[in-house]
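Engineer: Give me the fold of what follows.
(one chain, ligands or ions: 2)
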Amino acid sequence: MPRFDPALTADVLMEALPYIQRLFDKTVVIKFGGNAMVDDELKDAFARNIVLLKQVGVNPVIVHGGGPQINEVLQKLGKQGEFIEGMRVTDRETMDVVQMVLGGLVNKDIVALINRHGGRAVGLTGRDAGLVRARKLKVTRKNPEFDEPEIIDLGHVGEVASIDAGILRTLDASDVIPVIAPIGVGEDGEAYNINADVVASKVAQVLEAEKLLLLTNIAGVLDQQGKLLTGLTAGDVEALIEDGTIYGGMLPKINFALDAVRGGVKTVQIIDGRVPHAVLLELLTDQGVGTLIRG
Ligand SMILES: Nc1ncnc2c1ncn2[C@@H]1O[C@H](COP(=O)(O)OP(=O)(O)O)[C@@H](O)[C@H]1O
Ligand SMILES: CC(=O)N[C@@H](CCC(=O)OP(=O)(O)O)C(=O)O
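Structural biologist: Ligands and ions are numbered 1, 2, ... in the order given. Next up is the predicted model:
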């Protein structure tokens, strides 16, 4: 006995055909957020989705986060993670932890899962082959007590100076799936901690990606009442930041989603990574969910 009605199964498979045709040979950059990867079954489904995409001729490029995983190790060391405007304050010791957790544990975990399901993934940080060149991020914040904006020192936090996509193109030509940890390299070879949404946005722009998917731990961008906002323009985003509806970790995500649209990425979406097979549902079926950023 088949598990499902055969006609329904055939319908579901056929639904994917136009999507596969549209995405064939195209690059899709997928940011896998640390909050979306706390569940083993979700991670497994994510890895299988990536292998399937590659198998049908799409070029997935993964950029991962790992904020909660960094926090866990910091706590074991008796350190408390501190964030300002969605960015981690990163002293020397924290930078070492960031490299160990993102470049080590988290990166290799995703690589191993993809490979276990028959893909060929290679893990990289932005320090490998000079992939992500970085410089120190300068952050200023309005302070009502002073006329001048206050300058905040986040330590070893970087912004992307440039991306050298050469290594990504080489990997793609050998059918390898790149899995990138968001660590950048400075002029003197030093490491910088970069928000993963920022790296995903810049990688998508350089690769002229068809799509950028930002998987997170929430349905998408929500309004004050908690309702999902399915489409946002730059003007909407500005208003939502101004009135405090968008804050914390959603700030860099939305700002760099907009940056990607402006930089030529055709479609940018923030989607719910807690939904099993979120990538597959978004890319190859009619069941797209989340927030589309229009620019
Ligand atoms: N308007 C908003 N809509 C949805 N989430 C928001 C909003 N403003 C702030 N957030 C916060 O941003 C979080 C997502 O950012 P973050 O925790 O950094 O996720 P990730 O690890 O996936 O990058 C949400 O869980 C939520 O707490
Ligand atoms: C500067 C900065 O904040 N870097 C992030 C890098 C990881 C990340 O972005 O992880 P998520 O996508 O899971 O939030 C951090 O240290 O947490």
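Engineer: burial measure for Pro178, as a count.
Structural biologist: For Pro178, the neighbour count with other Cβ atoms under 10 Å is 26. Backbone N, C-alpha and C define where each C-beta goes, glycine included.
Engineer: Could you check which helix or strand contains it?
Structural biologist: strand 177-181 (DSSP states H and E).
Engineer: Against which helices or strands is that strand packed?
Structural biologist: On a contact count with 3 or more Cβ pairs under 8 Å, 6 or more residues apart in numbering; DSSP states H and E, strand 177-181 meets strand 59-64, helix 107-116, strand 121-125, helix 166-173.
Engineer: Pull out the buried residues from the first one.
Structural biologist: Residues of strand 59-64 classed as buried by neighbour count (16 or more other Cβ atoms under 10 Å): Asn59, Pro60, Val61, Ile62, Val63, His64.
Engineer: Can you pick out the most distant pair from those?
Structural biologist: Checked with Cβ to Cβ, those reach their widest spread between Asn59 and His64, with 17.0 Å between them.
Engineer: Give me every residue in the chain lying close to ligand 2.
Structural biologist: Counting by Cβ under 6 Å from any ligand atom, the chain comes close to ligand 2 at 33-35, 65-67, 70, 87-88, 98, 157, 182, 193-196, 249.
Engineer: Restricted to strands, list these.
Structural biologist: Counted as lying in strands by DSSP state E, out of the residues of the chain next to ligand 2, are Met87, Arg88, Asn193.
Engineer: who touches the residue in the chain positioned nearest to ligand 2 in this structure?
Structural biologist: Closest to ligand 2 within the chain is Gly65: 2.0 Å, counting by Cβ to the nearest ligand atom. Contact analysis of Gly65 by Cβ atoms under 8 Å, 6 or more residues apart in numbering lists Lys31, Phe32, Gly33, Gly34, Asn35, Met37, Leu102, Pro182, Ala196, Asp197.
Engineer: and Gly123, bridged to which residues?
Structural biologist: Val179 (DSSP bridges).
Engineer: That one - how many residues pack around it?
Structural biologist: Using other Cβ under 10 Å, Gly123 has 22 neighbouring residues.
Engineer: Show me which residues of the stretch 151-295 of the chain sit near ligand 1.
Structural biologist: Proximity of the stretch 151-295 of the chain to ligand 1, by Cβ under 6 Å from any ligand atom, involves residues 197, 216-218, 221-222, 245-250, 253.
Engineer: Quick one: which of the residues you listed is the most crowded by neighbours?
Structural biologist: Asp197 (29 neighbours).
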